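Chemist: sequence below, structure please.
(chains A and B)
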There are 2 protein chains.
Amino acid sequence: MHTLHVELGERSYPIYIGRDLLNDPQLLGAHLTGSQVVVVTNETVSPLYLDRLLAILGERALVTEVILPDGEQFKNLETLNQIFDRMMHDRHNRSTTMIALGGGVVGDITGFAAACYQRGVNFIQVPTTLLSQVDSSVGGKTAVNHPLGKNMIGAFYQPQAVLIDINTLHTLSPREFAAGLAEVVKYGLICDLPFYRWLQEQTPRLLAREEAALAEAIERSCSSKAAVVAADEREGALRAILNLGHTFGHAIETAQGYGKWLHGEAVAVGMLMAMELSARRGWIEPAEVVAFRDLLRVINLPVAPPADMTPGQYLDLMGRDKKVIDGRLRLVLLRGMGEACIVDDATEEELVSLLETFR
Amino acid sequence: MHTLHVELGERSYPIYIGRDLLNDPQLLGAHLTGSQVVVVTNETVSPLYLDRLLAILGERALVTEVILPDGEQFKNLETLNQIFDRMMHDRHNRSTTMIALGGGVVGDITGFAAACYQRGVNFIQVPTTLLSQVDSSVGGKTAVNHPLGKNMIGAFYQPQAVLIDINTLHTLSPREFAAGLAEVVKYGLICDLPFYRWLQEQTPRLLAREEAALAEAIERSCSSKAAVVAADEREGALRAILNLGHTFGHAIETAQGYGKWLHGEAVAVGMLMAMELSARRGWIEPAEVVAFRDLLRVINLPVAPPADMTPGQYLDLMGRDKKVIDGRLRLVLLRGMGEACIVDDATEEELVSLLETFR
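Modeler: Now for the predicted structure:
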């Protein structure tokens, strides 16, 4: 097992990465302070891992299980309220600990519930998908979606600990696994070129789910994210580089209806768009865009956006992005391979031209 | 005008108290950073003060007015979502500033919306009721109610500034004004005995809404609250003393249906119960309880709880209180006049006996 530390002063916490962590009562127990626990999971994950988690919880005065329907389309205020209803009904108080067992949707909504329930209770992440292990479980961004935009209602709220049991990846569907790899590749592109080159080589091992390769990829992704978050917890500026591909990607997710495209799939295409724009500005070689498209194909990720989306639709949805400041859209591009930057000077013409290319 | 400072490190903010502050564009302008503003108010307050506020906002690129129905029964997730819908529809981004113009309900729900919208935007309080001026606008507690408990869903989120224009008190209904005085009296009881004695003397001047007396009462209340909050922002222990009368009071509000009893009315009776319990423990003189009941009568506040509530109902509702820790109910009592304390050793027998007395 490896332990990474996210350094955030009094809000610091450990990320444990290893095999069979869901069989280790000590690890979880060290972060459970009270006698009340709420486990939030979903219909897909609960038959696989809920019993194992309950077994390592040990004796607790009150354990509530909340099993949500599976999918991004349920990450909304109504589902959040269902969690609150259960907790109020079962009389959970401020000393309770909420555990998110599942992917990014479960983690985001549980974290937001923990941030708001009685103005804040303890929270532990047990991410079971590759995407949530490398992305959404690290950094304290919690949220639900609004019909007009992803993750628009939320809080910055750090967990007490993150437990990444890489064994859980063996039950992940190929589509979900590929979507997670999109976020792994992102870390290479934005801040770790050697890791990106390693990924270009090692993708077959990852796709075969070799544990040593998985552990390496997850550790390097989490440590990149932890470093960025430690430097800029509340997304003053630096942290925004983690959103490479996300502005285009969120527009796709919102336009298609939450849940139709997986987050990682939309981000993959969004990164391709951002790279193409970076190449047009002369910041990276066009050959890198071609090679990245090839990598997405190997992973079996989409390389084109939905055929029915118009440039006007993107511009409208991107205009609602959280990174818009006083009317100026900020985009994450690559100033070079392994080196992300934020620009706010993309013109409508430049964007329309780019988006037309991808139709 | 007087300025108090709530000292919370990087989250510190000023409270301005004075006459005609709603005619001063400078004061508000100094705390408005971006070109987008959302004013949240209610149907009662908007005809009185909204135009005045809009006038001092000056030229802004985007101003959204959200006018909520008036009443505690609307302080819920549905109303919160209506605010989000309007903000998303009008494309407010992270640089927007939300202004709460109204009483405690408007302030609590607007503050919570500001805490969650795009994970946090700027927020200014313009409280227009006595209760919100001395209580809910200071200290950063924001929340909405859950059907099973008051203020159960919320956040600690500090405003950029609080503007208390005491002129707004001249339009307050006698019932709302009396409810606000209950919270004023609370500060005397918990931590400022000279102030409590002053209030016993000066209540007629306050009831006549003499501005000098009002300014004095508001300043002393806010400075007591600011001192407590600065010492314990997230209610570790000390801050809980601000909840004198609130555990009983919240049970009354929840049982009667939000909005039937005003918060200050329920707290008044709750404080009477807490004083009676303190007297039974020999901590304060029984004569003080009698004198306090007389003071409530002078203010025209209730001195008895709803006739239909049973001890069992209180115990059930109080068992859901946020101050319950691992099953132990914590109550705020008076160890002496002007000196609150927290106890967790009240037995069911002691409480039932107390509650029976009040039937």
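Chemist: quick one, longest helix in chain A?
Modeler: Using DSSP state H to define each element, chain A has its longest helix at helix A:211-231.
Chemist: past that helix, which element shows up next along the chain?
Modeler: Downstream of helix A:211-231, the first helix or strand assigned by DSSP states H and E is helix A:246-256.
Chemist: and the helix or strand following that following helix, what other elements does it pack with?
Modeler: Where DSSP H and E defines the elements, the next helix or strand beyond helix A:246-256 is helix A:263-280. Of the remaining helices and strands, those touching helix A:263-280 by 3 or more Cβ pairs under 8 Å, 6 or more residues apart in numbering or on different chains; DSSP states H and E are helix A:174-191, helix A:246-256, helix A:286-299, strand A:331-336, helix A:348-357. No exception for glycine: its C-beta is placed from N, CA and C like everyone else's.
Chemist: picking up where we left off before, ok, and what's touching the longest helix of chain A?
Modeler: A:2, A:4-8, A:15, A:17-19, A:130, A:133-135, A:138-140, A:164, A:166, A:169, A:183-184, A:187, A:190-192, A:195, A:199, A:202, A:205-206, A:238-239, A:241-242 (Cβ atoms under 8 Å, 6 or more residues apart in numbering or on different chains).
Chemist: so which of those residues are in strands?
Modeler: The strands, defined by DSSP state E, take in A:2, A:4-6, A:15, A:17-18, A:164 from the contacts of helix A:211-231.
Chemist: let me know the outermost residue of chain A.
Modeler: A:A61 (32.4 Å; Cα atoms, centre = their mean).
Chemist: quick one, which of the contacts of helix A:211-231 are buried?
Modeler: A:4, A:6, A:8, A:15, A:17-18, A:130, A:133-135, A:138-140, A:164, A:166, A:169, A:183-184, A:187, A:190-192, A:195, A:199, A:206, A:239, A:241-242 (16 or more other Cβ atoms under 10 Å in any protein chain shown).
Chemist: so which of these reach chain B?
Modeler: When Cβ under 8 Å from any Cβ of the partner chain is applied, no member of these is adjacent to chain B.
Chemist: so for the longest helix of chain A, what's the average pLDDT?
Modeler: Taken as a whole, helix A:211-231 has a mean pLDDT of 95.
Chemist: what's the answer for stretch A:161-175, then?
Modeler: On average, stretch A:161-175 scores 97.
Chemist: same question, stretch A:38-58
Modeler: On average, stretch A:38-58 scores 96.
Chemist: list the contacts for whichever residue of the stretch 101-250 of chain A sits closest to chain B?
Modeler: Using Cβ to the nearest Cβ, the single residue of the stretch 101-250 of chain A nearest to chain B is A:L148, 4.3 Å away. By Cβ under 8 Å, 6+ apart, the residues touching A:L148 are A:254, A:320, B:88-89.
Chemist: low-confidence stretches in chain A?
Modeler: A:325-327 (pLDDT under 70).
Chemist: spatially nearest residue to the most centrally placed residue in it (excluding sequence neighbours)?
Modeler: Nearest residue to the geometric centre of chain A (Cα atoms, centre = their mean): A:S136, 3.1 Å. Distances taken as Cβ to Cβ, 6 or more residues apart in numbering or on different chains place A:G104 nearest to A:S136, at 3.8 Å, with adjacent residues excluded.
Chemist: surely A:G58 touches A:A30?
Modeler: No. The pair A:G58 / A:A30 is not scored as a contact, 11.7 Å apart, by Cβ atoms under 8 Å.
Chemist: neighbours of A:T41, how many?
Modeler: Neighbour count for A:T41, taken as other Cβ atoms under 10 Å in any protein chain shown: 26.
Chemist: give me the element it is part of.
Modeler: Going by DSSP H and E, A:T41 is in strand A:36-42.
Chemist: so, in contact with chain B or not, that strand?
Modeler: Yes. Residues of strand A:36-42 contacting chain B under Cβ under 8 Å from any Cβ: A:Q36.
Chemist: what's opposite A:G18 in the beta bridge?
Modeler: A:D165 (DSSP bridges).
Chemist: just checking, it touches A:V162?
Modeler: No. Between A:G18 and A:V162 no contact is recorded; they are 11.9 Å apart, counting by Cβ under 8 Å.
Chemist: for A:V138, which residues are in contact?
Modeler: A:6, A:15, A:162, A:222, A:225-226, A:229.
Chemist: counting neighbours, which of these comes out on top?
Modeler: Of these, with other Cβ under 10 Å as the count, A:V162 tops at 27 neighbours.
Chemist: list the buried ones in the longest helix of chain A?
Modeler: A:213-226, A:228-230.
Chemist: next one: stretch A:254-266
Modeler: A:254-255, A:258-259, A:261-266.
Chemist: start and end of it, how far apart?
Modeler: 10 Å (Cα to Cα, to the nearest Å).
Chemist: residues touching that stretch, excluding its own?
Modeler: Applying Cβ under 8 Å, 6+ apart, the contact partners of stretch A:254-266 are A:71-75, A:104, A:131, A:145, A:148-150, A:175-176, A:178-183, A:248-250, A:252-253, A:301-302, A:306, A:309, A:313-314, A:317.
Chemist: report the distance from that stretch to the chain centre.
Modeler: 13 Å (Cα atoms, centre = their mean, to the nearest Å).
Chemist: and A:A143, which of the three is it?
Modeler: strand (DSSP: H, G, I helix; E, B strand; the rest coil).
Chemist: which ones are touching it?
Modeler: By Cβ under 8 Å, 6+ apart, the contact list for A:A143 reads A:75, A:108, A:112, A:150-155, B:119.
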